[in-house]
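J.: Pasted the sequence and its predicted model underneath.
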Amino acid sequence: DSGVTQTPKHLITATGQRVTLRCSPRSGDLSVYWYQQSLDQGLQFLIQYYNGEERAKGNILERFSAQQFPDLHSELNLSSLELGDSALYFCASSGTGQGTKNIQYFGAGTRLSVL
Amino acid sequence: AQSVTQLGSHVSVSEGALVLLRCNYSSSVPPYLFWYVQYPNQGLQLLLKYTSAATLVKGINGFEAEFKKSETSFHLTKPSAHMSDAAEYFCAVSDGGYNKLIFGAGTRLAVHP
């Protein structure tokens, strides 16, 4: 168990809908990352938050947004969903200590199916 | 810009045989390198990491990897494969700190009796 919790595990929805994926980082970790894993694109970095502030953006669509709350949990919002958004979405967190800030621990992922 | 290339999308070995999964990286700064394993329907588990200390890195489950700067490689090895090693393996690079990981395309390891 990595200590990173993602909910829900599975999400099935229709095109055009909006969903929210939730991530609770390991206790004390300030940095949260979101990744998308799909068959055609592989594992891609979407966005990173550090202590509530957006720190880096990757290949994240404008229809997608995220935030990190004061209790450090994070949510990834996906709107106007398309079939191609079907993927496994991972959250990861990293610590603040010298030995842990370079290491990202991953949650089990949320599998999104858009029908 | 950083990138990772994993040679061989599928590798098949016999139980007890050597496992060698290849990873080459490109980085304009000293890299931090990682191997993650993903079992079916599960998340990514960190196997081992290179963060500029010893070039030979030992990880969990008997895996190890050697950082070779001259070859820009970070190949993953295990002396004797076990059936439970069947999974997908990802090599990743970052420039350290709180920065994003860039993943290779993954190598699916099959272990047959």
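T.: Cool, the structure landed. Since the structure is predicted, the reported quantities are computational estimates derived from the model, not experimental observations. Numbers count the residues shown, from 1 in each chain, chains lettered A, B, ... in the order given.
J.: now the residue nearest the centre of chain B, what's its secondary structure?
T.: For chain B, the residue nearest the mean C-alpha position is residue B:35 (3.5 Å; CA atoms, centre = their mean). When classified by DSSP: H, G, I helix; E, B strand; the rest coil, residue B:35 comes out as strand.
J.: and chain B, which residues reach chain A?
T.: Counting by CB under 8 Å from any CB of the partner chain, the residues of chain B close to chain A are B:32, B:34, B:36, B:42-46, B:49, B:51, B:90, B:94, B:96-106. All C-beta atoms are positioned from the backbone trio N, CA, C, and that covers glycine.
J.: Just the buried ones among those, please.
T.: B:32, B:34, B:36, B:43-46, B:49, B:51, B:90, B:94, B:98-106 (16 or more other CB atoms under 10 Å in any protein chain shown).
J.: Can you confirm whether stretch A:28-39 lies near chain B?
T.: Yes: using CB under 8 Å from any CB, stretch A:28-39 reaches chain B at A:31, A:33, A:35.
J.: tell me, how many neighbours does the nearest residue to residue A:27 once chain neighbours are set aside end up with?
T.: The shortest distance from residue A:27 to any non-neighbouring residue, by CB to CB, 6 or more residues apart in numbering or on different chains, is to residue A:3 (6.8 Å). Around residue A:3 there are 13 other residues, counting by other CB atoms under 10 Å in any protein chain shown.
J.: ok, now how distant is residue A:3 from residue B:85?
T.: 24 Å (CB to CB, to the nearest Å).
J.: Same question for residue B:108.
T.: From residue B:108 to residue B:85 the distance is 11 Å (CB to CB).
J.: Could you do residue B:14 as well?
T.: Residue B:14 is 12 Å from residue B:85, where distance means CB to CB.
J.: Give me the common contacts of those two.
T.: Counting by CB atoms under 8 Å, 6 or more residues apart in numbering or on different chains, the common neighbours of residue B:14 and residue B:85 are residue B:111.
J.: ok now do the residue most central in space within chain A, which residues does it touch?
T.: By CA atoms, centre = their mean, chain A has its centre lying nearest to residue A:34, at 3.1 Å. Contacts for residue A:34 (CB under 8 Å, 6+ apart) come out as A:23, A:45-48, A:60, A:66, A:74, A:76, A:89-92.
J.: Scan the residues you listed and report the most crowded one.
T.: Neighbour-wise, the contacts of residue A:34 (other CB under 10 Å) top out at residue A:91, 30 neighbours.
J.: I figured that one was touching residue A:74, is that so?
T.: Yes: using CB atoms under 8 Å, residue A:91 is in contact with residue A:74, at 6.6 Å.
J.: where do the contact lists of those two overlap?
T.: With CB under 8 Å, 6+ apart as the test, residue A:91 and residue A:74 both reach A:23, A:25, A:32, A:34.
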